[in-house]
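Asks: have a look; sequence and predicted model below, questions after that.
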Amino acid sequence: MEFNVRFDRSYMPPRTVKTVFALDEVNEFISQGHLVLFEKVKPNKKLYSKGFIFQSAKDSRCIFAPSRHFPVQHSGWETLSEDEWNEVMPITEYARERSLNYTWAAYVLPLAPEVGETFYVEDLIEDILVSEFWGSKIYAVDGIATWNGSALKFRRELYDSGECMIVG
Amino acid sequence: MIKIQKNRLLKEEGKVIKTLSCPLRISNADLDRPQAPESQCLRCNRKVVNTDWLSELQLVALLEEDPSTCLKINRYNPIFQVVE
């Protein structure tokens, strides 16, 4: 599930940093005078989910489950006994599939960025796990960052798990 | 679906079933068992019910019995609609 940063952009909306994934796009922006920052796309171990495909011995139906004994949202725990369910194979899934299709990407800064200027980054290159909901990984897709003259410094606190949570 | 608007939990017909009034900014680190169905707040010692484990009907019944129950709500739980 995608997480968008909770940051009030209605008052003085920041300029937007774009993300590109192809060299011809990079060169087009450079020719227009934009600064471009390359970054490697690296999968985050925390975004992998592991589990198994199990097949029913009774009716051959197949299901995915994280293990033979796992919690179910509204009904406690469920157990898949070895008598009734055969393990077909272990599987691994990655929550942010996009990151498996690229090895690099680049941020394109707006023209004439000022040192200390805050930007909205519409497509985050880094894969960050923010929270989880019943096995679903909630990952960041955007961000707020400040230009320090040589790099973008992201507001990391906006990805705290508490951002997905309300207590009261 | 339960709507969360301006710190109030509302049923679909608009009836307020709870007002969220915790003055502390609580994170998982402030709960003794944050993923469990119930945990204890380490800052005020109150019991906190994790709504991840409840259906909408179960939650409404719980709040009708005691609207002061402390709740932990995941914004991504599909039983809620958070209106900013």
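Replies: Looks like it arrived, so ask away.
Asks: what's the span of stretch A:89-103, first residue to last?
Replies: Distance across stretch A:89-103, first residue to last, is 28 Å (Cα to Cα, to the nearest Å).
Asks: list the buried ones in that stretch?
Replies: A:94, A:95, A:96, A:99 (16 or more other Cβ atoms under 10 Å in any protein chain shown). The way it works is simple: take the backbone N, C-alpha and C, and place the C-beta from them, glycine included.
Asks: isn't the second one up against residue A:135?
Replies: No - the criterion here is Cβ atoms under 8 Å, and residue A:95 misses it with residue A:135 at 10.2 Å.
Asks: okay, and the common contacts of those two?
Replies: Residues touching both residue A:95 and residue A:135 comprise residue A:49, with contact defined as Cβ atoms under 8 Å, 6 or more residues apart in numbering or on different chains.
Asks: get me the contact residues on chain A for chain B.
Replies: Proximity of chain A to chain B (Cβ under 8 Å from any Cβ of the partner chain) is limited to residues A:1, A:6, A:73-74, A:131, A:133-134, A:136, A:138, A:160-162, A:164-168.
Asks: any quick ChimeraX command for the buried ones out of those residues?
Replies: If you want just the buried ones from these in ChimeraX, going by 16+ other Cβ under 10 Å, the selection is:
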select /A:131,133,138,161,162,164,165,166,167,168
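Asks: chain A: helices as residue ranges?
Replies: For chain A, the helices defined by DSSP state H cover A:23-31.
Asks: mind telling me which residue of it is nearest chain B?
Replies: residue A:168 (3.0 Å; Cβ to the nearest Cβ).
Asks: quick check: that residue touching residue B:71?
Replies: Yes - counting by Cβ under 8 Å, residue A:168 touches residue B:71, with 6.6 Å between them.
Asks: overlap in contacts of those two?
Replies: With contacts defined as Cβ under 8 Å, 6+ apart, the residues shared by residue A:168 and residue B:71 are residue B:20.
Asks: show me what from chain B comes close to chain A.
Replies: Counting by Cβ under 8 Å from any Cβ, chain B sits next to chain A at B:4, B:7, B:19-22, B:24-28, B:41, B:48, B:52-55, B:58, B:70-77, B:82, B:84.
Asks: return the list of helices and strands in contact with the lowest-mean-pLDDT helix or strand in chain B.
Replies: Here the helix or strand of chain B ranked lowest by mean pLDDT, DSSP states H and E is strand B:80-83, holding a mean of 92. Judged by 3 or more Cβ pairs under 8 Å, 6 or more residues apart in numbering or on different chains; DSSP states H and E, strand B:80-83 is in contact with strand B:2-5.
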